[in-house]
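1. Got a predicted structure here, sequence first:
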Number of protein chains: 2
Amino acid sequence: MAVTIAVDCMGGDHGPEVTVPAVFEFLKHDTDCAAVLVGREDVLRPMLGSAEKEFGERLRLCNASEVVEMHDALAIALRVKKDSSMRVAVNLVKDGEAHAAISAGNTGALMAVSRFVLKTLPGIDRPAIATTMPTAKGYVYVLDLGANVDCQPEHLLQFGIMGAMLVSALEHKDRPSVGLLNIGEEEIKGNEVVKRAAELLRDSGLNFYGNVEGNDIFKGTTDVVVCDGFVGNVVLKASEGLAQLIGNSLKEEFSRNLLTRLGALMALPALKSFKKRFDHRRYNGASLLGLNGIVVKSHGSADALAFFAALERAAEAARQRLPEKIASRMANAMPAAA
Amino acid sequence: MAVTIAVDCMGGDHGPEVTVPAVFEFLKHDTDCAAVLVGREDVLRPMLGSAEKEFGERLRLCNASEVVEMHDALAIALRVKKDSSMRVAVNLVKDGEAHAAISAGNTGALMAVSRFVLKTLPGIDRPAIATTMPTAKGYVYVLDLGANVDCQPEHLLQFGIMGAMLVSALEHKDRPSVGLLNIGEEEIKGNEVVKRAAELLRDSGLNFYGNVEGNDIFKGTTDVVVCDGFVGNVVLKASEGLAQLIGNSLKEEFSRNLLTRLGALMALPALKSFKKRFDHRRYNGASLLGLNGIVVKSHGSADALAFFAALERAAEAARQRLPEKIASRMANAMPAAA
């Protein structure tokens, strides 16, 4: 299937400098894909160069006069800047002109705009944000990462279903295993919401593994880990912080003196390979799930390599018709309750 | 002040093999301290050797016929095994025969037993578990780590007070800074409980920094990070899991081939120094706070070095009369509400 991605070119820390080259790379690589560059035409047009000729009809430009800034309040993004690159990109999905939208802009604004424009799928009360983290076995999908801070058991069940469908689509796994983040493996542990969510997940027909603990995330015990957005956001950010601390400490130790610097030189192949393994750019691209359309959030500080990875994710979700899969699974999950 | 520690010698994965030598080392190092070895006399007596003579009155043995096993239900630890080494050690604190108790046994059982025997301090609704994590600047104290899964704002305030007093006592800091774990720095973010807790902390007279995010833990933004036990437990375990994953990956990369192994050899000084910095044994010893007495929990898998570190913490908390400090601060914190 030919896939068109609407790209908010203005969002993120670097804007078009990063997004435009990444799109070109993406179009080179995924020759069945097309892209709509969304943003200020006066900025984007001069950047096209030979690309217009090279990609022909696969590359379009769509003007949007405004930009949602990182510090803009949700209300501004939602009610004032109606011609923002973010909003216009999502509109293109709604209007069927694109199969997916991608933005490196403010997460909260992107979620609010997407939810307002696209609406949620039948059976989904709240959209969630999912991303991958590296594990001993590969990687794990974790959700929610901050869209929902006060969750009911039913929401956690919906996250489980959406997460499983996401892994099915992106990893082509038949029955991905789903773990529920908790503080003990025994069924009696955990707070009331989590206890009840475990029951719902057990009866859902999903490949429910049961409770998992914090360390299971990085062990890769399950394909999906479900938690409320407060916990997920804290774990994601704490992990980023710890990885950074460890990386910096390693650098410090290796630059301590001539001997350690020589050691670093000798250790370079191993250190490079190690660094690549934990390169967060390879994991870039969080999915906004549960919407009536595909929206991918790139890290704000993404470089072209990272933005490219997020574009790939958006394209694969579109090829796999992820929202339709979630909707159909939701319909099967709770026929009586619906 | 001369300090006596009651040591549950039977708890943990290794029992007396680890705890007894660690106590000997501790008594050698802290010559103003005394210890009571609690456990089965038939096991412990033969291990004393020359130590009885060496430490004289500073080393006592107290028989306890039972052991709380890791898999024992709380009810067993609390109501059945009344002569367990854990229970007897905590009883010694209650009876004034020891200033602190330490155990590497089951955390839940130790908390339940300690709470039952010692009771909570006036003004403290729920005891909490606090431990340290490494940061860019040194380390941070985080609580609660799992004793309380459903917290009210008042509990988070109490954790803040207890954490600040702990840092005052152990680090001799005058007004330690306290951060409230949240998912955004703006005051509007976070769930309802955290929002209200921020207000209480702001009015508490503590050196309240405001909201911190997951990555602030490892940045060392504040001296204390306060969160509910569910979040704290997940973050602690996720961090342990990530650190382990990173350590293993580093090992793997360095043992890949002859070249990388040679690199590792050259990099050994830096790698060793790096490893030491993240050696969790140096951070061993979680404090059970808010009780009418000092109880320290050692990691179950602690070796003698790690158990020694936990003994040092217990001794310092006793020297600083930590429970009295917390009680006095609580009395000042909420004179009207009490």
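-> Yep, that arrived.

2. List the contacts of the residue at minimal distance from the centre of chain A.
-> Centroid-nearest residue in chain A: A:Ala286, 0.6 Å away (criterion: C-alpha atoms, centre = their mean). Taking C-beta atoms under 8 Å, 6 or more residues apart in numbering or on different chains, we find A:Ala286 in contact with A:107, A:129-131, A:145, A:296-298. C-beta here means a position set from N, CA and C on the backbone, and glycine is covered the same way.

3. Not counting sequence-adjacent ones, nearest residue to it?
-> Using C-beta to C-beta, 6 or more residues apart in numbering or on different chains and skipping residues adjacent in sequence, the residue nearest A:Ala286 is A:Thr131, 4.0 Å away.

4. Name whatever forms a beta bridge with that neighbour.
-> Counting by DSSP bridges, A:Thr131 is bridged to A:Val142.

5. sorry, back to before: so how far is A:His280 from the residue nearest to the centre of chain A?
-> Using C-beta to C-beta, to the nearest Å, A:Ala286 is found at 12 Å from A:His280.

6. again, but for A:Val296
-> 16 Å.

7. Neighbour count: the two, which is higher?
-> A:Val296 (26 against 19; other C-beta atoms under 10 Å in any protein chain shown).

8. per-residue confidence averaged over whichever strand or helix holds that one?
-> Element membership for A:Val296 (DSSP states H and E) is strand A:294-297. In this model, strand A:294-297 has a mean pLDDT of 97.

9. same for that strand, what does it pack against?
-> helix A:85-94, strand A:100-103, helix A:107-118, strand A:286-289, helix A:304-319 (3 or more C-beta pairs under 8 Å, 6 or more residues apart in numbering or on different chains; DSSP states H and E).

10. Dump these to TSV, plus mean pLDDT.
-> As requested, the helices and strands packed on strand A:294-297 are exported to TSV (pLDDT from 0 to 100):
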stretch	mean pLDDT
helix A:85-94	98
strand A:100-103	98
helix A:107-118	94
strand A:286-289	95
helix A:304-319	95
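
11. Columns distance to B:Ala302 on top of the ones you listed, output as a markdown table?
-> Below are the helices and strands packed on strand A:294-297 laid out as a markdown table (distance: least, C-beta to C-beta, whole Å):
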| stretch | distance to B:Ala302 |
| --- | --- |
| helix A:85-94 | 51 |
| strand A:100-103 | 48 |
| helix A:107-118 | 40 |
| strand A:286-289 | 38 |
| helix A:304-319 | 40 |
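
12. Out of these, indicate the one that is most buried.
-> strand A:100-103 (a mean of 32; mean count of other C-beta atoms under 10 Å in any protein chain shown).

13. Surely A:Ser273 is in contact with B:Phe254?
-> No - counting by C-beta atoms under 8 Å, A:Ser273 does not reach B:Phe254; the two are 9.4 Å apart.

14. Are there helices or strands packed against the strand or helix carrying A:Gln158, and which ones?
-> Applying DSSP H and E as the criterion places A:Gln158 in helix A:153-171. Judged by 3+ C-beta pairs under 8 Å, 6+ apart, helix A:153-171 is in contact with strand A:128-134, strand A:139-143, strand A:177-181, helix A:192-202, strand A:224-226, strand A:286-289, helix A:304-319, helix A:322-333.

15. Report the contact partners of A:Ser114.
-> A:90, A:101, A:127, A:288, A:291, A:293, A:295.

16. Next, count neighbours for A:Ser328.
-> Neighbours of A:Ser328 (other C-beta under 10 Å): 13.

17. Also A:Gln244?
-> Neighbours of A:Gln244 using other C-beta under 10 Å come to 15.

18. for it, what are its contacts?
-> B:215, B:218.

19. Wait, a strand at it?
-> No - with DSSP: H, G, I helix; E, B strand; the rest coil as the criterion, A:Gln244 is helix rather than part of a strand.

20. Give me the phi and psi for whichever residue of the stretch 1-150 of chain A sits closest to chain B.
-> Distances between the stretch 1-150 of chain A and chain B by C-beta to the nearest C-beta are smallest at A:Val149, namely 4.3 Å. Note on A:Val149: backbone dihedrals following degrees, to the nearest 10 are phi -90, psi -30.

21. go on, A:Val38?
-> Per degrees, to the nearest 10, the backbone of A:Val38 is at phi -110, psi 130.

22. Show the model's pLDDT score for it.
-> pLDDT, read off for A:Val38, is 98.

23. so what's it up against?
-> Residues near A:Val38 by C-beta under 8 Å, 6+ apart: A:6-10, A:62, A:64, A:85, A:88-89, A:92.

24. A:Val20 is nearest to which of the helices and strands packed on helix A:153-171?
-> helix A:304-319 (8.8 Å; C-beta to C-beta).

25. angle of that closest one against helix A:322-333?
-> Angle of helix A:304-319 versus helix A:322-333, following axes from the mean of the first three to the mean of the last three C-alpha atoms, to 10 degrees, is 50 degrees.

26. what sits up against helix A:304-319?
-> Residues outside helix A:304-319 that contact it (C-beta under 8 Å, 6+ apart) are A:1, A:3, A:5, A:7, A:12, A:18-19, A:21-23, A:25-26, A:29-30, A:33, A:35, A:99-102, A:104, A:166, A:169-170, A:280-285, A:287, A:294, A:296-299, A:302.

27. mind showing which ranges of the stretch 51-200 of chain A have poor pLDDT?
-> A:185-190 (pLDDT under 70).

28. Quick check: which ranges of the stretch 201-338 of chain A have low pLDDT?
-> Ranges of the stretch 201-338 of chain A meeting pLDDT under 70: A:333-338.

29. change it to 50
-> A:335-338 (pLDDT under 50).

30. Would you quantify the distance from the residue nearest to the centre of chain A to A:Arg45?
-> A:Ala286 is 30 Å from A:Arg45, by C-beta to C-beta.

31. Repeat that for A:Gly39.
-> Relative to A:Arg45, and taking C-beta to C-beta, A:Gly39 is found at 10 Å.

32. can I see the domain layout of chain A?
-> A:1-122+A:290-321, A:125-282 (automatic domain parsing).
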